[in-house]
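Student: Would you be able to build a 3D model of this:
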Amino acid sequence: MPVSNEEFRAALGRFASGVTVVTSKGEDGGLHGITVSAFSSLSLNPPLILVCIDNRSSLIEHLRDGKFFAVNILSEDQEFHSRRFASKEPKRFDGIGYQEGATGAPALDNALAVLECRVVNTYAGGDHTIVVGEVEATNLSDAKPLLYFRGGYNQLA
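Tutor: Numbering: from 1, shown residues only. From the prediction side, this is the model:
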């Protein structure tokens, strides 16, 4: 018998992960961003990462075109950012501090780390698209991470 969606989500919820917001700037200058938990390093040389983006996301069309994007790894005091970018709110950047990064992608203020990337490949992955990015710039802080576990936000002790 196949695994149900509920069983699958419950099993995946046992994996504690960091929380990221993936951001991009459109050709029209519009800012785009969504909360993403499916993020991973891929290669040290060259420096590659991957993110998995829901195909229904408005961000995906900007990433399929070989654009730049930023992975903003959230710090423990940025739960609001995670919730905002996970919402259907059309003006997600309102009230959110950010700077234009070296690649033009929005880098969120006070993030634990920002990895600015250039899209090098995209792959179909069920209801998501796997986006591989080559890291072109980083910005780091010494804050603590925001964590996600069993459907809720957590912090390191």
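
Student: what's the closest non-adjacent residue to residue 144?
Tutor: Taking CB to CB, 6 or more residues apart in numbering, and ignoring the residues beside it in sequence, residue 144 has residue 76 as its nearest neighbour in space, at 4.5 Å. Bear in mind the C-beta positions are built from the backbone N, C-alpha and C, glycine included.

Student: Any idea how many residues pack against the one you found?
Tutor: Neighbours of residue 76 under the rule other CB atoms under 10 Å: 16.

Student: Kindly report the same for residue 128.
Tutor: 18.

Student: beta partners of it?
Tutor: Residue 128 has these beta-bridge partners by DSSP bridges: residue 54, residue 125.

Student: Next up, the contacts around it.
Tutor: 38, 52, 53, 54, 55 (CB atoms under 8 Å, 6 or more residues apart in numbering).

Student: Which one of the residues you listed sits in the busiest neighbourhood?
Tutor: Result: residue 53 is most packed of the contacts of residue 128 (other CB under 10 Å), 22 neighbours.

Student: okay but that residue is in contact with residue 127, surely?
Tutor: No - applying CB atoms under 8 Å as the test, residue 53 and residue 127 come out as separate, 10.2 Å apart.

Student: need the strands for the chain, in chain order.
Tutor: For the chain, the strands defined by DSSP state E cover 17-18, 20-25, 31-36, 39-43, 48-54, 68-73, 98-100, 106-108, 113-125, 128-140, 146-149, 152-155.
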